[in-house]
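**Student:** Sequence plus the predicted model coming up.
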Amino acid sequence: KNEVEQSPQNLTAQEGEFITINCSYSVGISALHWLQQHPGGGIVSLFMLSSGKKKHGRLIATINIQEKHSSLHITASHPRDSAVYICAPIYNTDKLIFGTGTRLQVFP
Amino acid sequence: DAGVIQSPRHEVTEMGQEVTLRCKPISGHNSLFWYRQTMMRGLELLIYFNNNVPIDDSGMPEDRFSAKMPNASFSTLKIQPSEPRDSAVYFCASSSEKGTQYFGPGTRLLVL
């Protein structure tokens, strides 16, 4: 059983829509990464957060440590946001455990 | 900074051959991670180093896999002998103390 559950697994949207991707994990963590992987394969860390909320441009990430839940929001989505988004909680010291990813496609 | 550098970017080899993947972390980062990504299993941590010392190698599949970090600016992941099931994309990432991890571009390995 994967310790990290993401939903939805696949998501399609029209340009401009508000997007939410959810992540739940089963044990206590120190922090959590949201990663973005484009079709070319490169992986970029969008956020690392341990509490509250972080915002970067049109992207917002929130985390509730007590409820073991995090969300990634994209406002005014754009086709270039099309990618796989991966939730990766950090256990113990620096060990990342990866979610299965959410494949997002934004159509013009 | 050039970011995390991995080489080669692509490797095609025959079953039984030795494969060596290389990684140069971002200067000043003291943690280095090796990951593997496959369609079936997604992303998995293989091993990570802190200050050049292996901290957790529980993800290393079997004895055919070995990793070294002889100094702060270089690490290798070796597979000997390679098998078709080792075909995957291997990512290296580095971070400063408790910081964001920065991923390299990956090495796409195909074992025939």
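**Tutor:** That came through fine.
**Student:** what residues does chain B put near chain A?
**Tutor:** Residues of chain B lying close to chain A (C-beta under 8 Å from any C-beta of the partner chain) are B:31, B:33, B:42-45, B:48, B:50, B:55-56, B:89, B:91, B:93, B:95, B:98-103, B:105-106, B:108. (Glycine included, C-beta is placed from N, CA and C.)
**Student:** quick one, phi psi at the residue sitting nearest the centre point of chain B?
**Tutor:** What sits nearest the mean C-alpha location of chain B, by C-alpha atoms, centre = their mean, is B:Trp34, with 3.5 Å. Main-chain torsions, B:Trp34, degrees, to the nearest 10: phi -110, psi 130.
**Student:** Roughly how far does it sit from B:Gly28?
**Tutor:** Going from B:Trp34 to B:Gly28 by C-beta to C-beta, to the nearest Å gives 19 Å.
**Student:** Kindly write the PyMOL command that selects the buried subset of the residues of chain B next to chain A.
**Tutor:** In PyMOL, a selection of the buried entries from those looks like this (16 or more other C-beta atoms under 10 Å in any protein chain shown):
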select buried, chain B and resi 31+33+42+43+44+45+48+50+55+56+89+91+93+95+101+102+103+105+106+108
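**Student:** ranges for the strands of chain A?
**Tutor:** Under the criterion DSSP state E, strands of chain A are mapped to A:4-7, A:10-14, A:19-25, A:31-37, A:43-49, A:52-56, A:59-64, A:69-74, A:83-91, A:95-96, A:102-107.
**Student:** lowest-confidence stretch among those strands?
**Tutor:** Mean pLDDT is lowest for strand A:95-96 out of the strands of chain A, coming in at a mean of 80.
**Student:** That one - contacts with which helices or strands?
**Tutor:** Applying 3 or more C-beta pairs under 8 Å, 6 or more residues apart in numbering or on different chains; DSSP states H and E, we find strand A:95-96 packed against strand A:83-91, strand B:42-50.
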